[in-house]
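**Student:** need a 3D model of the following:
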Amino acid sequence: MQQLVGLLPIVLMLGLFYIMVFIPEKKRRKKYDEMLTNLKLNDEIMTKGGIMGKIINIQDDHIILESGPDRARIKIAKQGISHIVKASEVALTKED
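**Tutor:** Numbers count the residues shown, from 1 in each chain. Predicted structure coming up:
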């Protein structure tokens, strides 16, 4: 019984570590995956390398990014996207 009481602080520390590290990481990863799933044409994004550009084509695991004044096109993996800078504004007009 004394050995179990001695292990209690270690078990509590491991539980606290799990709560503070792994649960927020799961939430962050879920939000990131959702962002990748909801990418649209003409979204302005920033890559993990710092390149900014507009999405002009979306493929399964890659996107074609248009960047710079010369409108250079770059093919990058979706996992290389850091975040969306400006989402495209698709105006849906409903005619009556």
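
**Student:** how about the strands in the chain?
**Tutor:** Per DSSP state E, the chain carries strands over the ranges 44-47, 52-58, 62-67, 72-77, 81-86.

**Student:** so what strands line up beside the third one?
**Tutor:** Pointing back at strand 62-67 there. Sheet pairing of strand 62-67 (DSSP bridges) gives strand 52-58 (antiparallel), strand 72-77 (antiparallel).

**Student:** may I see the strands of the chain arranged in a markdown table, with mean neighbour count as well?
**Tutor:** Any C-beta I mention is one placed from the backbone N, CA and C, and that applies to glycine too. Below are the strands of the chain laid out as a markdown table (neighbours: other C-beta atoms under 10 Å):
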| stretch | mean neighbour count |
| --- | --- |
| strand 44-47 | 18 |
| strand 52-58 | 16 |
| strand 62-67 | 18 |
| strand 72-77 | 13 |
| strand 81-86 | 14 |
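
**Student:** got a markdown table for these, with distance to Thr37 too?
**Tutor:** Output for the strands of the chain, formatted as a markdown table (distance: least, C-beta to C-beta, whole Å):
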| stretch | distance to Thr37 |
| --- | --- |
| strand 44-47 | 14 |
| strand 52-58 | 11 |
| strand 62-67 | 13 |
| strand 72-77 | 15 |
| strand 81-86 | 12 |
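
**Student:** how about the ones you listed, which one is nearest Ile19?
**Tutor:** Of all the strands of the chain, it is strand 81-86 that lies closest to Ile19, at 26.1 Å by C-beta to C-beta.

**Student:** what angle separates the closest one from strand 52-58?
**Tutor:** If you take axes from the mean of the first three to the mean of the last three C-alpha atoms, to 10 degrees, strand 81-86 sits at 100 degrees to strand 52-58.

**Student:** and the contacts of strand 81-86?
**Tutor:** For strand 81-86, the surrounding residues in contact (C-beta atoms under 8 Å, 6 or more residues apart in numbering) are Met35, Leu36, Leu39, Asp43, Glu44, Ile45, Met46, Thr47, Lys48, Met52, Ile63.

**Student:** alright, calling it a day.
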